[in-house]
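>>> I'll drop the sequence and a predicted model, then ask my questions.
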Amino acid sequence: MAQTIDEGLRWVAPIGTMMRSALCDTEVNGIPVPKGTPVSLIMASANCDEARFPGPDRYDIHRAQTAHMSFGSGAHFCAGKWFAKAQIEIALRVLIGALPDMTLAALPEFRGWEFRAPTALHIHC
């Protein structure tokens, strides 16, 4: 189940962006970024990097496990990662236990950019 959860978190990151300010003058891909400039890491985009995730728009629980950016990284890595993943696993086990024959009626649509979530989950039982 862990791979299923991680692939879901990669496929549709619950946090779309992370805002910061440049701490010093720097350069990114040849573009100067002066100290104090607001910058945004778009984790949803990083999780769809074709160089890292072949067929990134496809939800694939058999994908070779590769670290994703859904919980950030470095000093700003989300301390709640393990709690969040445990909550997801419990919710999935309860849902599947209650509705073992369910199938998706349609792929869910997601809303939000900073914080993303499905608008609904339509299933057949």
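Looks like it arrived, so ask away. Quick caveat, the model's predicted, so the values are computed rather than measured. Numbering: from 1, shown residues only.

>>> for this protein, what spans make up the strands?
In the chain, the segments counted as strands under DSSP state E are 17-21, 26-28, 31-33, 38-42, 103-104, 110-111, 117-118, 123-124.

>>> please convert those to TSV, extending it with mean neighbour count and mean pLDDT.
In short, each C-beta sits where N, CA and C put it, glycine included. Formatted as TSV, the strands of the chain follow (neighbours: other CB atoms under 10 Å; pLDDT from 0 to 100):
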stretch	mean neighbour count	mean pLDDT
strand 17-21	12	87
strand 26-28	10	94
strand 31-33	11	96
strand 38-42	13	88
strand 103-104	9	92
strand 110-111	12	88
strand 117-118	12	89
strand 123-124	12	93
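
>>> mind giving me JSON lines with those strands and columns for distance to His76?
Output for those, formatted as JSON lines (distance: least, CB to CB, whole Å):
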{"stretch": "strand 17-21", "distance to His76": "7"}
{"stretch": "strand 26-28", "distance to His76": "17"}
{"stretch": "strand 31-33", "distance to His76": "17"}
{"stretch": "strand 38-42", "distance to His76": "9"}
{"stretch": "strand 103-104", "distance to His76": "33"}
{"stretch": "strand 110-111", "distance to His76": "23"}
{"stretch": "strand 117-118", "distance to His76": "21"}
{"stretch": "strand 123-124", "distance to His76": "35"}
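
>>> to Phe77, which of these lies closest?
Within the strands of the chain, the stretch nearest Phe77 is strand 17-21; the backing value is 10.8 Å (CB to CB).

>>> helices and strands around the closest one, which ones?
Judged by 3 or more CB pairs under 8 Å, 6 or more residues apart in numbering; DSSP states H and E, strand 17-21 is in contact with strand 38-42, helix 43-46.

>>> quickly run through the sheet partners of the first one, with directions.
Looking back up the chat, that one is strand 38-42. strand 17-21 (antiparallel) (DSSP bridges).

>>> show residues contacting the partner strand.
Strand 17-21 is contacted from outside by 36-44, 72, 76, 113-114, using CB atoms under 8 Å, 6 or more residues apart in numbering.

>>> 7 Å instead, please
36-43, 72, 76, 113-114 (CB atoms under 7 Å, 6 or more residues apart in numbering).
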